[in-house]
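# Output the structure for:
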Amino acid sequence: MDLDPDDIFRDDEDDPDSEVFQERDSSKEFVVYLIDASPKMFSVTCPAGDQKDETHFHIALDCVSQSLKTQVINRSYDEVAICFFNTREKKNLQDLNGVFVFNVAEREYLDRPTARLIKEFDMIEESFAKNIGSQYGIISGTRENSLYNALWVAQALLRKGSAKTIDKRILLFTNEDDPFGSIKGATKLDMTRTTLQRAKDAEDLGISIELLPLSRPDEEFNVSLFYADLIGLEGEDLAQFIPSAGNKLEDMKDQLRKRMFTKRIVKRITFAIVGGLSIELNTYALIRPTLPGVITWLDSVTNRPLKTERTFICADTGALVQESSKRFHPYKNKNITFSMEELAEIKRVSKGHLRLLGFKPLSCLKDYHNLKPSTFVYPTDEEVIGSTCIFIALHRSMLQLKRFAVAFYGSSSRPQLVALIAQDEIIRSGGQIEPPGMHLIYLPYSDDIRHVEENFLEPNFSTTQATDDQIKKAAAVIKRIDLKDFSVCQFANPTLQRHYSVLQALALEEDEIPEIKDETVPDEEGMARPGVVRALEEFKNSVYGENYNEESDLAGDGKSTDTSRKRKTISENAAKESSNYDWGELADSGKLKDLTVMELKYYLTAHNLPVSGKKEALISRILTHMGK
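Okay, here's the model as predicted:
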C-alpha cells in the first residue's frame, strides 16, 4: 500500500469532515505593534557592530519589518496593526492626540500583512519626520497622555474577533522606563492610575501586553519604575525579565523563514470509557512537516484569489440546473433513492469519538506499530466537569501496571484502532521537560505491516566481522563527531529557505535575493580539528591498513580498478607534458592565450583541477591556482 506523505502527517484539523477545519479563527493571532516615537527614541543610539550607531527607533522598525516578512510564511492567517505614539500628527478612529495608525490603501487597520504594507513600512523612516513627526505626548501642565491613548487605540483595534478563539497581543517598543517622570504630584498619580486601569481593562478583554524595552548605552531599562505594574511582573519574573526581553528582541531581528505551528488544540474529542461514562480530551499535534504553502490561483486582472464554483448544465436544453438532492442505486430492476443525509449516515462508521476497548501490556506494542506521528491528549473540564480527575486516575493506573489502552477512533473516512500510552511528567532543574498526558498512537492494519525479506547468501559466502579494535576505533570516531544537545530544530531546509527568499524578492520587488546559509553541508572546519582527523585516520588504518591506496584498491568487479588505472595514466602523461612548459613565464608575459586548449589542460590535469569550460575559463583557473 502506497502512503501519501501529506496524509501521514495530516491531523484532524486538515480533515474537511472535521469541525475544526471550518474554524480557522482558532489558530489566529491578532497583534498590534505599539512603537514609541518620542524624540528620545531618535537621539539615543546603540552600537551596531562594525556599522554606524543606530537609533532605537530604527531598531524597533527593523524588528517589526522582519516580523511582518516572516509572518507571511510563519502564520499566514494572523492579522496585524502598526501604531505609533508620541507623534505630532494623529490618525486613528478615536481621533486621539499623539497616536498615528500606519496603514496602506485597500487594507483595514487590523488585517493580514500585504506586500504593499511591508514595502511602504520599510521606507517610513525616511519620511517619518515630515509626514508624522515626533513629539512628547505626556507634558506637564496638561491632561494629554499619549500612552493612555495608544493603549485605548490598540484595544479598539483588537475588538475584532472573540478572545476565546483568537490570541490577542500588544507589543510595546520603548526606551523610556518612566513615561511620567517629568510630571509631579497628583497629576502624575492620576495619569499613572488611569493608564494602569486602561491596561487592566485590556487584560480583562483577553488582550496580553508584552514589553520590548530598549536599554540606553549608559543606563539599563528599569522596568520597576512603571512597566512592571503595567504588565504584571513581580518576584522572580521581574528579575529575569530584562534578559528574556533582550533574547526576544534578537529573535525578532533574526527570525528564520519557516512555517510555525503554535501549540494549540487541534480538536476536542469525547473519550467513552465504560457504561456511559465519558470525559473530554484536548488533542495536540506535536510534529508537522515543513512544506511550501499551497498554490493560490489569482485573477489576472484584479489579482484577487479565485473561488471555484460548480454548476450543472442540462444536456438537452443547455440550461443551468440545481444539483440533485437524491442519489439512487439499482436493485432488482428498481432504483432505490437516498437523500444526502441518509447516504452520509450510511457511510458514517464513527462520530469521531474515542471509545475504550481494553488494555494490553506495553511489551505488546512494537516500534513498527507507529504508522504516523502521534497525537498528544490532555483532559479538559470545560464541557464535562471531572474529566481531569478521571483521566489522572486512569493515567496513574496505566503507569503503575505498565499497560496501554486500546481504543477505537476515527472519522467516517478513516476509522482505525489506536493505542493510548501514558507519559509521566519529567522535571529537571526545576523546569518541566515532558508534560504528563497520553500519546495517541495510530495502529496499522494488517496489510500496513510488511515483513522484512531475508536476503539468502550463497552457501560458500562468508561475512567479514569487525574486530574489537575496529569497533573501538569506530566508537572513537562517533564520539568525536557527536553533536551535543542535537535537535532537528537546529537545521533549516535550504531549499525551503531559498523558496521563501525568492517569494519575498518577487513580492517586494527586491533587486537581489537574500543570501541563504546552507546549514546541512558538512562542517569542514569542525572535521579538520586535530582530534577528529586523528580518530578518522586511526579508524581507516584499523580497517584498511596503513598502506591502503584508494585508487588501486577499489572494490568491485574490476571495472573501477581499470578506470582508476586509466585515470592515473592520463594524470602521469599530463604531468610529463606539463613539465615541458615554463608556466610562470607564460603567465607573466600573457602568452597563456597563445596555447591551445589541450595544452592548457595539461597543467590543469597535472594539478587535479577541473578541465571544463572555455579557453578563457581555463586560463583564469590556471592564474588563480598560480596566485597571479
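# nearest residue to residue 187 other than its sequence neighbours?
Of all residues not flanking residue 187 in the chain, residue 140 sits nearest, at 7.5 Å (Cβ to Cβ, 6 or more residues apart in numbering). C-betas here are computed from N, CA, C, even on glycine.
# tell me which element that neighbour is part of?
Using DSSP states H and E, residue 140 is not contained in any helix or strand.
# Residue 72 and residue 606: what is the separation?
53 Å (Cβ to Cβ, to the nearest Å).
# re earlier: I figured the residue nearest to residue 187 hits residue 185, correct?
No - using Cβ atoms under 8 Å, residue 140 is not in contact with residue 185; the gap is 9.6 Å.
# Specify which residue of these two has the higher count of neighbours.
Taking other Cβ atoms under 10 Å, residue 140 and residue 185 do not tie; residue 140 has more neighbours (12 against 8).
# Surely residue 355 touches residue 272?
Yes - using Cβ under 8 Å, residue 355 is in contact with residue 272, at 4.6 Å.
# Could you pull up the contacting residues of the residue nearest to residue 187?
182, 183, 184, 187 (Cβ atoms under 8 Å, 6 or more residues apart in numbering).
# Just the ones in strands from those, please.
Counting by DSSP state E, those place none of their members in strands.
# any chance of these in CSV, plus pLDDT, distance to residue 88 and neighbour count?
As requested, the contacts of residue 140 are exported to CSV (pLDDT from 0 to 100; distance: Cβ to Cβ, whole Å; neighbours: other Cβ atoms under 10 Å):
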residue, pLDDT, distance to residue 88, neighbour count
182, 76, 18, 11
183, 80, 20, 20
184, 80, 25, 10
187, 83, 23, 14
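# Specify which member of those residues is nearest to residue 527.
residue 182 (59.5 Å; Cβ to Cβ).
# Can you read off the pLDDT for the residue lying closest to the closest one once chain neighbours are set aside?
Sequence neighbours aside, residue 140 is the residue nearest to residue 182 in space, at 5.7 Å (criterion: Cβ to Cβ, 6+ apart). Per-residue confidence (pLDDT) for residue 140: 70.
# Equivalent analysis for residue 196, please.
91.
# Can you tell me how far it is from residue 149?
15 Å.
# More neighbours: those two, which one.
residue 149 (25 against 15).
# Okay, now the unreliable bits of the stretch 201-350 of the chain?
Within the stretch 201-350 of the chain, the segments meeting pLDDT under 70 span 217, 244, 246-264, 288-290, 323-325, 350.
# Kindly provide the distance from residue 576 to residue 432.
On the measure of Cβ to Cβ, residue 576 and residue 432 end up 71 Å apart.
# per the record, what domains does this structure have?
For the chain, automatic domain parsing gives the domain ranges 25-262, 266-290+351-448, 312-346, 521-551, 559-626.
# wait, which of those is closest to residue 470?
domain 521-551 (4.8 Å).
# Now that closest one: buried residues?
Of all the residues in domain 521-551, those buried under the rule 16 or more other Cβ atoms under 10 Å are 535, 536, 538, 539, 542.
# Among these, which ones are in helices?
Counting by DSSP state H, those place 535, 536, 538, 539, 542 in helices.
# Just put those in JSON lines and tack on pLDDT.
Shown next, in JSON lines, are these (pLDDT from 0 to 100):
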{"residue": "535", "pLDDT": "89"}
{"residue": "536", "pLDDT": "88"}
{"residue": "538", "pLDDT": "89"}
{"residue": "539", "pLDDT": "90"}
{"residue": "542", "pLDDT": "87"}
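# Let me know the closest of the residues you listed to residue 506.
Each of these was checked against residue 506 using Cβ to Cβ; the closest is residue 536, at 44.2 Å.
# Where do the helices of the stretch 1-150 of the chain begin and end?
5-9, 39-43, 56-74, 115-122, 124-131, 146-157 (DSSP state H, counting those that start in this stretch).
# Quick check: which of the ones you listed is nearest to residue 33?
Across these, closest to residue 33 is helix 56-74 (Cβ to Cβ), at 5.0 Å.
# Let me know the angle separating the closest one from helix 115-122.
Per axes from the mean of the first three to the mean of the last three Cα atoms, to 10 degrees, the angle that helix 56-74 makes with helix 115-122 is 160 degrees.
# Next one: residue 539 relative to residue 474, how far apart?
Counting by Cβ to Cβ - residue 539 and residue 474 are separated by 6 Å.
# can you list the weak-confidence ranges in the stretch 51-200 of the chain?
In the stretch 51-200 of the chain (pLDDT under 70), the answer is 51-53, 74, 141.
# per-residue confidence averaged over the helix or strand residue 602 falls within?
Element membership for residue 602, per DSSP H and E: helix 597-606. Average pLDDT, helix 597-606: 84.
# Could you number the chain from 56 rather than 1 from now on?
Sure thing, new numbering starts at 56, so read that last one as helix 652-661.
# got the domains of the chain as a markdown table, with distance to residue 353 columns?
Shown next, in a markdown table, are the domains of the chain (distance: least, Cβ to Cβ, whole Å):
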| stretch | distance to residue 353 |
| --- | --- |
| domain 80-317 | 13 |
| domain 321-345+406-503 | 24 |
| domain 367-401 | 26 |
| domain 576-606 | 36 |
| domain 614-681 | 42 |
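# returning to that earlier point: now for the helices of the stretch 56-205 of the chain, which one comes closest to residue 494?
Minimum separation from residue 494 across the helices of the stretch 56-205 of the chain (Cβ to Cβ) falls at helix 60-64, 15.7 Å.
# Surely residue 250 and residue 285 touch.
Yes - under the criterion of Cβ under 8 Å, residue 250 makes contact with residue 285 at 7.3 Å.
# and residue 326, that one's in a strand?
Yes - the assignment for residue 326 is a strand, going by DSSP: H, G, I helix; E, B strand; the rest coil.
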